[in-house]
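Q: Structure here, sequence nowhere to be found:
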């Protein structure tokens, strides 16, 4: 259960980082 939560948080962090990187490229 805990491992699943950590994995989900990691995916969210990666998605957030990728989205922020795209926003930085657009500016």
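A: Happy to help now that I have it. A quick note: this is a predicted structure, and the numbers were derived from the prediction, not measured.

Q: show me where pLDDT drops low in the protein?
A: For the chain, applying pLDDT under 70 flags the ranges 1.

Q: And the strands in it, which stretches?
A: For the chain, no strands are identified by DSSP state E.

Q: Walking through it, point out its helices one by one.
A: Assigned by DSSP state H, the chain shows helices spanning 2-26.

Q: What is the burial count for residue 11?
A: As a burial measure, residue 11 scores 10 neighbours (other CB atoms under 10 Å). For the C-beta atoms, the positions are set from N, CA and C on the backbone; glycine is no exception.

Q: and what of the one 5 residues further on?
A: Other residues lying near residue 16 total 10 when counted by other CB under 10 Å.

Q: And for the one 10 residues further on?
A: Residue 26: 6 surrounding residues under other CB under 10 Å.

Q: From residue 19, how far off is it?
A: Per CB to CB, to the nearest Å, residue 26 is found 11 Å from residue 19.

Q: cool, residue 10 as well?
A: In terms of CB to CB, residue 10 sits 15 Å off from residue 19.

Q: With residue 13 instead?
A: Counting by CB to CB - residue 13 and residue 19 are separated by 11 Å.

Q: go on, residue 9?
A: Residue 9 is 16 Å from residue 19, where distance means CB to CB.

Q: likewise residue 6?
A: From residue 6 to residue 19 the distance is 20 Å (CB to CB).

Q: Same check on residue 25?
A: According to CB to CB, residue 25 and residue 19 sit 11 Å apart.

Q: more crowded one of those two?
A: Between residue 25 and residue 19, residue 19 has the larger neighbour count (other CB under 10 Å), namely 10 against 7.

Q: Could you report the neighbour count for residue 27?
A: Residue 27 has 4 neighbours, counted by other CB under 10 Å.

Q: for residue 27, what are its contacts?
A: By CB atoms under 8 Å, 6 or more residues apart in numbering, the contact list for residue 27 is empty.

Q: do the same with residue 23
A: With contact set as CB under 8 Å, 6+ apart, residue 23 has no partners.

Q: Also residue 13?
A: Contact analysis of residue 13 by CB under 8 Å, 6+ apart lists nothing.
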